[in-house]
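**Q** this one's sequence-less:
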């Protein structure tokens, strides 16, 4: 299901959505939490990205596994090591993105319905999760590019 799009490997096509949506969610949710005056303007974007980002992270992970099993099952040596390093970031990326999404959605809700204390706690949580998701998307991207293009 996650292996091809129009006869091409799906993973290189799908990762571009994750590479866009995860950092946008991280940046948008941090700004939402730290700059109260912009909240009414960007709440809709944070909510949409909070839904889209974890979906793209999951689909990128699944398509990567399909690519690995379909095309690189017999890979050995340095290529195998690079693929293993790259794939080791998949689960942490999905989990940190999911955590960020939940925290961001709760932050939007809390800022509208709950007190300043709850909003402040969720802002701190969101910033930490944004840093984690940002780290894992950068590491996954870098190790994926290294696996694909290193000699």
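**A** Good, I have the coordinates. Predicted, not measured: the structure shown is a model, and the values here were computed from it.
**Q** which ones are touching residue 93?
**A** Contact partners of residue 93, counting by CB atoms under 8 Å, 6 or more residues apart in numbering, are 22, 57, 61, 133, 136, 137, 140. Yep, even glycine has a C-beta here, placed from its N, CA and C like the rest.
**Q** how much space between residue 148 and residue 12?
**A** 8 Å (CB to CB, to the nearest Å).
**Q** if we can go back for a sec, okay, among the contacts of residue 93, which ones form the most distant pair?
**A** Across the contacts of residue 93, no pair lies farther apart than 61 and 133, at 13.4 Å, counting by CB to CB.
**Q** Looking at the two, which is more packed in?
**A** Using other CB atoms under 10 Å as the criterion, residue 61 and residue 133 rank with residue 133 on top: 28 against 23.
**Q** and the residue nearest to residue 70 when sequence neighbours are not counted, what are its phi and psi?
**A** Excluding its sequence neighbours, the residue lying closest to residue 70 (CB to CB, 6 or more residues apart in numbering) is residue 3, at 5.5 Å. Main-chain dihedrals, residue 3, degrees, to the nearest 10: phi -90, psi -30.
**Q** swap in the one 5 residues further on?
**A** The phi and psi torsions at residue 8 (degrees, to the nearest 10) take the values phi -100, psi 150.
**Q** give me the number of residues near it?
**A** With neighbours defined by other CB under 10 Å, the count for residue 8 comes to 10.
**Q** Find the helix or strand that the most centrally placed residue in the chain is a member of.
**A** Nearest to the mean C-alpha position of the chain, counting by CA atoms, centre = their mean, stands residue 22 at 4.0 Å. When secondary structure is defined using DSSP states H and E, the element that contains residue 22 is helix 10-34.
**Q** now the angle between helix 10-34 and whatever helix or strand comes next after that helix, please.
**A** From helix 10-34 onward toward the C-terminus, using DSSP H and E, the following helix or strand is helix 39-71. Using axes from the mean of the first three to the mean of the last three CA atoms, to 10 degrees, one finds that helix 39-71 and helix 10-34 are set 160 degrees apart in direction.
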